[in-house]
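J.: Predicted model and sequence follow; I will ask about them next.
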Amino acid sequence: MGGTKNMRVSIVTCTYNRAEQLHRGLYTLTHQSVTPDEIIVVDDGSTDSTYATVRETNLEFPYVKYIHLDHPEPRISCVPRNVGIKAATGDIIIFTEPEALQVGNTIEQLLKKMEEYP
């Protein structure tokens, strides 16, 4: 394996009506020691302020992307995850939950472990 140094990193987080938690989670993802190439938020039909939260974050961090799934009820979690995988352009795809608060070097540590244990 050629290592992770030149690999693109995509973060995918799927959410449904968790705007407040998503706001905090996105803050920790956008303030990492290693910046991801993209953060994809897949919204599984939220009716709260999820879109506004992502839009506000995107103004400062344009690599934060939003996908809205329009359907009457939330689906099983594999559907939004699969949508996120298809949309991701990274060589490495990292999944996280909207309420997960990532320590400032989470991505860096994951990449180091991938180098250490290819």
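T.: Looks like it arrived, so ask away.

J.: wait, doesn't Leu22 sit right on Glu97?
T.: No: the pair Leu22 and Glu97 fails to qualify as a contact (C-beta atoms under 8 Å) at a distance of 9.5 Å. For every residue, glycine as well, the C-beta is placed using N, CA and C.

J.: Common neighbours of those two, please.
T.: Common neighbours of Leu22 and Glu97 (criterion: C-beta atoms under 8 Å, 6 or more residues apart in numbering): Thr13.

J.: Between these two, tell me which one has more neighbours.
T.: The neighbour count for Leu22 versus Glu97, taken as other C-beta atoms under 10 Å, is higher for Leu22 (24 against 13).

J.: For Gly84, see how far away the more buried one is.
T.: In this structure, Leu22 and Gly84 are 14 Å apart, going by C-beta to C-beta, to the nearest Å.

J.: which residues do the two both contact?
T.: Counting by C-beta under 8 Å, 6+ apart, the residues touching both Leu22 and Gly84 are Thr13.

J.: Low-confidence ranges, the protein, go.
T.: 1-2, 72-75 (pLDDT under 70).

J.: mind listing the strands for it?
T.: Using DSSP state E, the strands of the chain run over residues 9-15, 38-43, 64-68, 92-96.

J.: Enumerate every residue touching the nearest residue in space to Tyr27 that is not next to it in sequence.
T.: If the residues on either side of it in the chain are set aside, Tyr27 comes closest to Thr57, at 7.9 Å by C-beta to C-beta, 6 or more residues apart in numbering. Thr57 is in contact with His23, Leu26, Tyr27, Thr30, Val64, counting by C-beta under 8 Å, 6+ apart.

J.: Of the residues you listed, select the buried ones using a PyMOL command.
T.: Buried subset of the contacts of Thr57, written as a PyMOL selection, criterion 16 or more other C-beta atoms under 10 Å:
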select buried, resi 23+26+30+64
